[in-house]
Each structure stands twice: as C-alpha cells, then as structure tokens.
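Q: following is a predicted model, sequence given first.
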Amino acid sequence: MELGYQILAVSADRPDKLSATVEKHSLTYQLLSDASQKGATAFGLAFRDEQAVQRREHHTLPVPAVYLIGSDGIVDFLYVNPNPSVRLAPEILLAAARVHSEK
C-alpha cells in the first residue's frame, strides 16, 4: 500500500560502515550517516555516554526517534524514547502513516 512517505534512516555509523548495515539487516530504505552527531544534536537527540568518556571512546550517542513529515513540511507524528532498547512498533508507525495519508 502506497502511503506517500519516503523512508530515510539516519545512523551514527560512519559512511563506510553503512553498506554492511544495509546488507546485514536487508534494509530496503535509504540509510544516511550522522557519524559526527551534528544532526542528532541539532534535533536534541544526542546524549553523552559517561562510561564511553572514561574509556576515551566516541561518547555521544543518539536516542532513537521516528518522524513522519508531510509534504507540507509539518511533522505529522513523532516518537522518541530515551531508552535505546525500546523501539517503535512497526504497526504503530504504519497506523500513523495511514491516518495522516488520508488528510
């Protein structure tokens, strides 16, 4: 069913790692890199991992988020959970897309 949305995903992985992720998970949508975390920071989705700071590793991580943005540029639906292990159920996203595609 065509609902009029294009799927884009943004990963904290470096650009050279994206193709492995796409292949591993058989992704059928476009995956973009935000390795610098500038996008996550701009959207207020980056948090500081204090344990990584102590290990001197990359210490900023993104919080998973989902946006449905209409062709008018208005955010129709937003999901953010500060617990990175809790992801949005696909059924909920599909229901939101159906509701907003009927407008």
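A: Looks like it came in fine. Numbers count the residues shown, from 1 in each chain.
Q: contacts and neighbour counts: CA atoms only from here.
A: Fine.
Q: okay, now residue 61: neighbour count?
A: For residue 61, the count of nearby residues is 19 (other Cα atoms under 10 Å).
Q: am I right that it sits in a strand?
A: Yes - membership of residue 61 in a strand is supported by DSSP: H, G, I helix; E, B strand; the rest coil.
Q: that one touches residue 39, doesn't it?
A: No - using Cα atoms under 8 Å, residue 61 is not in contact with residue 39; the gap is 11.3 Å.
Q: with adjacent residues omitted, what lies nearest to residue 67?
A: Spatial nearest neighbour of residue 67, chain neighbours left out: residue 78 (4.7 Å); criterion: Cα to Cα, 6 or more residues apart in numbering.
Q: host element of residue 39?
A: Per DSSP states H and E, residue 39 falls inside helix 38-42.
Q: next SSE after that helix?
A: Following helix 38-42 in sequence, per DSSP H and E, is strand 46-48.
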